[in-house]
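Trainee: Quick one: sequence and predicted model below, then my questions.
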Amino acid sequence: MDLTYPPEAEAFRQEIRAWLEEHLPKGWGEPGFRMSPEEKKAFNRDWVRTLHQGRWICASWPTEYGGRGLSLIEQVVLNEEFARVDAPMRADFFGDTLVGPTILQWGTEEQKREFIPKILSGTIAWCQGFSEPDAGSDLASLKTRAVLDGDEWVISGQKVWTTQAQFADYIFLLARTDPEAPKHAGISYLLVPMKQPGIEVRPIQQIDASAEFNEVYFDNARCPKENVVGGVNNGWKVAMTTLGFERGASSTTGHRRFQKELDAVIGAARDNGRAQDPGVRQSLAKAWSKVKIMQINGFRSLTDALNGTHHTAALGACNKMFWSEYHRDAMNLYVDIMGMAGQVLTGSRAAADAQDADLEGPLARRGSASYPVTDLQASFFFSRSETIWGGTAEIQRNIVGERVLGLPKEPKAATA
Ligand SMILES: Cc1cc2nc3c(=O)[nH]c(=O)nc-3n(C[C@H](O)[C@H](O)[C@H](O)COP(=O)(O)OP(=O)(O)OC[C@H]3O[C@@H](n4cnc5c(N)ncnc54)[C@H](O)[C@@H]3O)c2cc1C
């Protein structure tokens, strides 16, 4: 593990700091800084454009498609600087983090030229069509089908838990294209326009009346023949690339968000006197240690990546399991510390409304105006889902067991 950065990286850090200082609203990050819902909406709309002009969105992507071609260490410095001042750095989670890097790795030249610039400029929004009613952890059991009809794929079936489908222009989905092949072999990865008659999106309303994910029904929906990524019937490998990005995302800077939040939990414990309770102190110390472990593991992932000894899938699985379970436990601790007061909804309606304009993919939770939660209450609710989406904690354990520790493969259920 190497904890120092080369001088070029530090020079780049200064460049980013200067840019942020010049472009963020005055007072950003200072105590008491507030934006009205209108200001927040305007900021979110304009900020993507400003980021795009600064060429900071997905800045590691190749220059020929509009990226900056940053080295890994520059990318880490960039992430650190944006995280330090809490500045949003993406246009669309699904585009930037999942389908964009997948297209860069597996896509044709035409697909890269068509989609990458639109992802960088935030002009198309995406959703992820993997899970189905009978295919979640066992994703390869998916039944949605795509059949070639002349120059188009015709798609029929159903997806579920599709986050942001109601806002998306495109869905990257897995469909069975060879029903005769073994289940992992007959799948293709398609890019399908959402706004067409053959697609119906039905929002799933949650307990707080918000609906961030959906059921999506395909009834002879269509996409061009050439919108298959990574080759026909090769979709499983392509999907694993996407899931690797989903699980490995922000492993080097993720701890910052947790540290900030834990500071707020510690603050709440001090304010209501629970910080004097020896059991609470033990639990807070344990949580703090876990955030430190995440920070150190982040350095380890980075050093591995720089040395070329990186094993994305395995590291991603370890990270995802660790942070999601940490976060669920830390948020339970927060609610324990708050006692009955933790159940009182003291978030403002305006803040809940404003969150609608503050979408940042599945990590950001949209509150609803009729259920005004505070940031920590929202985080408590959303943390319940983090050991599920992107592959459950149990599935991550299977991956770590089999691929990192070399344990025997999980026994399959006997078929009758
Ligand atoms: C907030 C949120 C957003 C989501 N967004 C999307 C999205 O945008 N697009 C999308 O495609 N999907 C999305 N999902 C779906 C998510 O990927 C699935 O929920 C997840 O893969 C688990 O599948 P499942 O819900 O069918 O549970 P199941 O697979 O039915 O699992 C049920 C339980 O059994 C356990 N289990 C299953 N198999 C094993 C095994 N082999 N070994 C040990 N334990 C096992 C699981 O860990 C789990 O506890 C989202 C989910 C959530 C919660």
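Mentor: Everything's here; your move.

Trainee: Which residue does the stretch 201-350 of the chain have closest to the ligand?
Mentor: residue 213 (5.2 Å; CB to the nearest ligand atom). The C-beta positions use only the backbone N, C-alpha and C, and glycine is treated the same way.

Trainee: Surely that residue is in contact with residue 166?
Mentor: No. Contact criterion CB atoms under 8 Å: residue 213 and residue 166 do not qualify, at 9.1 Å.

Trainee: what separates the residue of the stretch 201-350 of the chain closest to the ligand from residue 131, distance-wise?
Mentor: 9 Å (CB to CB, to the nearest Å).

Trainee: which of these two has more neighbours?
Mentor: Remark: of residue 213 and residue 131, residue 213 carries more neighbours, 21 against 18, as counted by other CB atoms under 10 Å.

Trainee: any idea how far the more buried one lies from residue 207?
Mentor: Note on residue 213: its distance to residue 207, by CB to CB, is 13 Å.

Trainee: got the residue ranges for the strands in this structure?
Mentor: According to DSSP state E, the chain carries its strands in the segments 126-129, 145-149, 152-159, 170-176, 187-193, 199-204, 213-224, 228-229.

Trainee: Now do the last one: everything it contacts.
Mentor: This points to strand 228-229. With contacts defined as CB atoms under 8 Å, 6 or more residues apart in numbering, strand 228-229 is touched by 102-103, 106-107, 111, 153, 172, 188-191, 235, 238.

Trainee: What of the third one?
Mentor: When contacts are taken as CB under 8 Å, 6+ apart, the neighbours of strand 152-159 outside the stretch itself are 129-133, 142-148, 165, 171, 173, 175, 177, 188, 190, 192, 198, 215-225, 227-228.

Trainee: Now which of these would you call buried?
Mentor: 129-132, 142, 144-146, 165, 171, 173, 175, 177, 188, 190, 192, 215-218, 221-223, 227-228 (16 or more other CB atoms under 10 Å).

Trainee: Run through the residues that contact the residue of the chain found nearest the ligand.
Mentor: Closest to the ligand within the chain is residue 136: 1.9 Å, counting by CB to the nearest ligand atom. By CB under 8 Å, 6+ apart, the contact set of residue 136 is residue 161.

Trainee: distance of it from residue 142?
Mentor: Residue 136 is 10 Å from residue 142, by CB to CB.

Trainee: where exactly do the helices run in the stretch 251-400 of the chain?
Mentor: 254-272, 278-307, 312-338, 349-355, 375-386, 393-399 (DSSP state H, counting those that start in this stretch).

Trainee: so can I have TSV of the ones you listed showing mean pLDDT?
Mentor: TSV is the format used below for those (pLDDT from 0 to 100):
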stretch	mean pLDDT
helix 254-272	92
helix 278-307	89
helix 312-338	89
helix 349-355	50
helix 375-386	89
helix 393-399	92
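
Trainee: What residues does this protein have near the ligand?
Mentor: Within the chain, the positions near the ligand by CB under 6 Å from any ligand atom are 127-131, 136-137, 161-163, 213, 362, 385, 388-389, 391-392, 394-395, 398, 410.

Trainee: Recalculate using a threshold of 8 Å.
Mentor: Selection of the chain residues close to the ligand by CB under 8 Å from any ligand atom yields 94, 127-131, 133-139, 159-165, 212-213, 362, 382, 385-386, 388-395, 397-398, 410.

Trainee: What's the ChimeraX syntax to select whichever of the residues you listed are buried?
Mentor: ChimeraX command restricting the residues of the chain next to the ligand to the buried ones, with burial defined by 16+ other CB under 10 Å:
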select :94,127,128,129,130,131,135,136,139,159,160,161,162,163,164,165,212,213,362,382,385,386,389,390,391,392,393,395,398
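
Trainee: quick one: contacts for residue 379?
Mentor: With the criterion set at CB under 8 Å, 6+ apart, residue 379 makes contact with 261, 327, 331, 334, 365.

Trainee: Measure how buried residue 297 is and give me the count.
Mentor: 20.

Trainee: what do you get for residue 407?
Mentor: Residue 407, neighbours per other CB under 10 Å, totals 11.

Trainee: May I have stretch 3-11 as CSV, with CA atoms only?
Mentor: Extracted in CSV, the C-alpha atoms of stretch 3-11 (Å, rounded to 0.1, in the frame of the first residue of the first chain):
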residue,chain,number,x,y,z
LEU,A,3,-0.2,6.4,0.8
THR,A,4,1.6,9.2,-1.1
TYR,A,5,0.6,10.8,-4.4
PRO,A,6,3.1,11.7,-7.1
PRO,A,7,3.7,15.5,-7.6
GLU,A,8,1.8,15.6,-10.9
ALA,A,9,-1.3,14.3,-9.1
GLU,A,10,-1.0,17.0,-6.5
ALA,A,11,-0.7,19.7,-9.2
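
Trainee: If we go by neighbour counts, what in it is buried?
Mentor: Neighbour-count burial for stretch 3-11, with 16+ other CB under 10 Å as criterion, is recorded at residue 9.

Trainee: and what of stretch 398-405?
Mentor: Buried residues in stretch 398-405, defined by neighbour count with 16+ other CB under 10 Å: 398, 399, 400.

Trainee: Need the nearest residue in space to residue 198, chain neighbours excluded.
Mentor: residue 221 (3.3 Å; CB to CB, 6 or more residues apart in numbering).

Trainee: was I right about the one you found contacting residue 196?
Mentor: Yes. Taking contacts as CB under 8 Å, residue 221 lies within contact range of residue 196: 5.9 Å.

Trainee: Now stretch 109-124: average pLDDT?
Mentor: In this model, stretch 109-124 has an average pLDDT of 94.

Trainee: Also stretch 98-106?
Mentor: 96.

Trainee: Dump the C-alpha coordinates for that stretch into PDB.
Mentor: C-alpha atoms of stretch 98-106 as PDB (Å, rounded to 0.1, in the frame of the first residue of the first chain):
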ATOM      1  CA  LEU A  98     -22.900   1.200 -15.600                       C
ATOM      2  CA  VAL A  99     -23.700   1.200 -19.200                       C
ATOM      3  CA  GLY A 100     -21.100   3.800 -20.400                       C
ATOM      4  CA  PRO A 101     -18.100   1.800 -19.200                       C
ATOM      5  CA  THR A 102     -19.700  -1.400 -20.500                       C
ATOM      6  CA  ILE A 103     -20.200   0.100 -24.000                       C
ATOM      7  CA  LEU A 104     -16.600   1.300 -23.900                       C
ATOM      8  CA  GLN A 105     -15.400  -2.200 -23.100                       C
ATOM      9  CA  TRP A 106     -17.700  -4.200 -25.300                       C
END
